[in-house]
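Engineer: Give me a model of this one.
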Amino acid sequence: QVQLVESGGGLVQPGGSLRLSCAASGFTLDSYAIGWFRQAPGKEREGVSCFRRTDGSTYYADSVKGRFTISRDNAKNTVYLQMDRLRPEDTAVYYCAADDQGHCTLYGMDYWGKGTLVTVSS
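Structural biologist: Predicted structure coming up:
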């Protein structure tokens, strides 16, 4: 059974950093596409960063390029999102999601975690 469990959210001041973790079980990381999505209050869910299995590439949303870094530890079956220079507009629930077809499209992700809240505020 596939499970994704996020952790690491919290309250941080603008300009600060947080690292999110996604512990995966029921599959191995290199067999699926896996990444991070977020949903801000009153807005639609959007992609943040994702490892594609189809071509081995990594996706970053334009709004987070240069500030966020996705990484993985295959031994721990865990994916991370290091978020630096956080802005108030980064406030959202962050979700980990996986797709057994290897893509990173919002509506194609098969499995979702419950999310972790990140609040950027002074």
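Engineer: show me the residues around residue 64 that make contact.
Structural biologist: Neighbouring residues of residue 64 by C-beta atoms under 8 Å, 6 or more residues apart in numbering: 48-49, 83, 90. Where you see a C-beta, it was placed from the backbone N, CA and C, and this is true even at glycine.
Engineer: what's residue 8 in contact with, if anything?
Structural biologist: Counting by C-beta under 8 Å, 6+ apart, residue 8 touches 18-21, 116.
Engineer: need the contact list for residue 120.
Structural biologist: 12-14, 16, 86-91.
Engineer: pLDDT, secondary structure and distance to residue 66 for the contacts of residue 64 - can I get that in JSON lines?
Structural biologist: Output for these, formatted as JSON lines (pLDDT from 0 to 100; DSSP: H, G, I helix; E, B strand; the rest coil; distance: C-beta to C-beta, whole Å):
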{"residue": "48", "pLDDT": "98", "secondary structure": "strand", "distance to residue 66": "13"}
{"residue": "49", "pLDDT": "98", "secondary structure": "strand", "distance to residue 66": "12"}
{"residue": "83", "pLDDT": "98", "secondary structure": "strand", "distance to residue 66": "12"}
{"residue": "90", "pLDDT": "98", "secondary structure": "helix", "distance to residue 66": "13"}
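Engineer: List buried residues within the contacts of residue 120.
Structural biologist: Among the contacts of residue 120, those scoring as buried are 12, 86, 90-91 (criterion: 16 or more other C-beta atoms under 10 Å).
Engineer: Which one of these is nearest to residue 53?
Structural biologist: Closest approach to residue 53 among the buried ones among the contacts of residue 120 (C-beta to C-beta): residue 90, at 26.4 Å.
Engineer: Chain neighbours aside, what residue packs nearest to residue 116?
Structural biologist: Distances taken as C-beta to C-beta, 6 or more residues apart in numbering place residue 9 nearest to residue 116, at 3.4 Å, with adjacent residues excluded.
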